[in-house]
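Undergrad: need a 3D model of the sequence below.
(chains A and B)
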Amino acid sequence: DAKTTQPNSMESNEEEPVHLPCNHSTISGTDYIHWYRQLPSQGPEYVIHGLTSNVNNRMASLAIAEDRKSSTLILHRATLRDAAVYYCILRDNNQGGKLIFGQGTELSVKP
Amino acid sequence: EAGVAQSPRYKIIEKRQSVAFWCNPISGHATLYWYQQILGQGPKLLIQFQNNGVVDDSQLPKDRFSAERLKGVDSTLKIQPAKLEDSAVYLCASALRGRSNYGYTFGSGTRLTVV
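TA: The predicted model follows:
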């Protein structure tokens, strides 16, 4: 399974943008980049995914490097409700599309 | 749409006892997954179903864990006998299909404590 590397933790101030980095230097051409987040005492929640182009949705934006070896999840205005563990995951269509979670980045948001 | 339902929410058992968890996926979702999440770690995939067939159970400790998905809808995960190291949150997730361009929806999980 292709690996991702994320910082263990990050801090942000409320109402400021947050950029969560992810390195995936061994990504293959069939790997999609998925982001999930897990709030305390809840199951993981889908955030966004992409293949090559940058993606935007109501929750976040995903910026993918041109060589696809890294990506950044962008929360445009952090709120206290965004405090969670964020997982960057490579999902291989050739392996049944299963999600293999790493340790993730624990994001704390200060008021 | 209704989410993924799991029960019970919490369970405390003694070691060597058996326990079962139930999952009802989102209607129409063909793919169902069970994950184990130990405190402080990311979820670990135990088993993947496509309809009522097993796609991947390579990480399932088959000497004590079993899972089934009758009629391709609800699923149960059983542990018999439980060990102390089985204390974890057991998460069920479903997806429309197993392909990479579909997101998963997770349930809130069952927190198991083995004493």
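Undergrad: okay, and the beta partners of the closest residue to A:Asn57 other than its chain neighbours?
TA: The shortest distance from A:Asn57 to any non-neighbouring residue, by C-beta to C-beta, 6 or more residues apart in numbering or on different chains, is to A:Ile48 (5.5 Å). Just so you know, the C-beta spots here come from the backbone N, C-alpha and C atoms, and that holds for glycine as well. Note on A:Ile48: beta-bridge partners by DSSP bridges are A:Trp35.
Undergrad: and the lowest-mean-pLDDT helix or strand in chain B, what does it pack onto?
TA: Ranking every helix and strand in chain B by mean pLDDT, DSSP states H and E puts strand B:53-56 at the bottom, with a mean of 92. Packing partners of strand B:53-56 (3 or more C-beta pairs under 8 Å, 6 or more residues apart in numbering or on different chains; DSSP states H and E): strand B:44-50.
Undergrad: list the buried ones in the strand it packs on?
TA: Neighbour counts over strand B:44-50 (16 or more other C-beta atoms under 10 Å in any protein chain shown) mark B:Leu45, B:Leu46, B:Ile47, B:Gln48, B:Phe49, B:Gln50 as buried.
Undergrad: how far out from the middle of the chain is stretch A:28-46?
TA: Distance, stretch centre to chain centre, for stretch A:28-46: 6 Å (C-alpha atoms, centre = their mean, to the nearest Å).
Undergrad: alpha carbons only: can I get that stretch in PDB?
TA: Only the C-alpha atoms of stretch A:28-46 are listed here, as PDB (Å, rounded to 0.1, in the frame of the first residue of the first chain):
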ATOM      1  CA  SER A  28       1.000   5.600  -8.400                       C
ATOM      2  CA  GLY A  29      -0.900   6.700 -11.400                       C
ATOM      3  CA  THR A  30      -4.100   4.900 -10.300                       C
ATOM      4  CA  ASP A  31      -4.100   6.300  -6.700                       C
ATOM      5  CA  TYR A  32      -6.700   8.800  -5.700                       C
ATOM      6  CA  ILE A  33      -5.900  11.200  -2.900                       C
ATOM      7  CA  HIS A  34      -8.600  11.100  -0.200                       C
ATOM      8  CA  TRP A  35      -8.900  13.200   3.000                       C
ATOM      9  CA  TYR A  36     -11.000  12.200   5.900                       C
ATOM     10  CA  ARG A  37     -11.400  13.700   9.300                       C
ATOM     11  CA  GLN A  38     -12.400  12.200  12.600                       C
ATOM     12  CA  LEU A  39     -14.000  14.300  15.300                       C
ATOM     13  CA  PRO A  40     -13.800  13.100  18.900                       C
ATOM     14  CA  SER A  41     -16.000  10.100  19.600                       C
ATOM     15  CA  GLN A  42     -17.100   9.900  16.000                       C
ATOM     16  CA  GLY A  43     -16.300   7.800  13.000                       C
ATOM     17  CA  PRO A  44     -14.200   9.300  10.200                       C
ATOM     18  CA  GLU A  45     -16.000  11.700   7.900                       C
ATOM     19  CA  TYR A  46     -15.200  12.100   4.200                       C
END
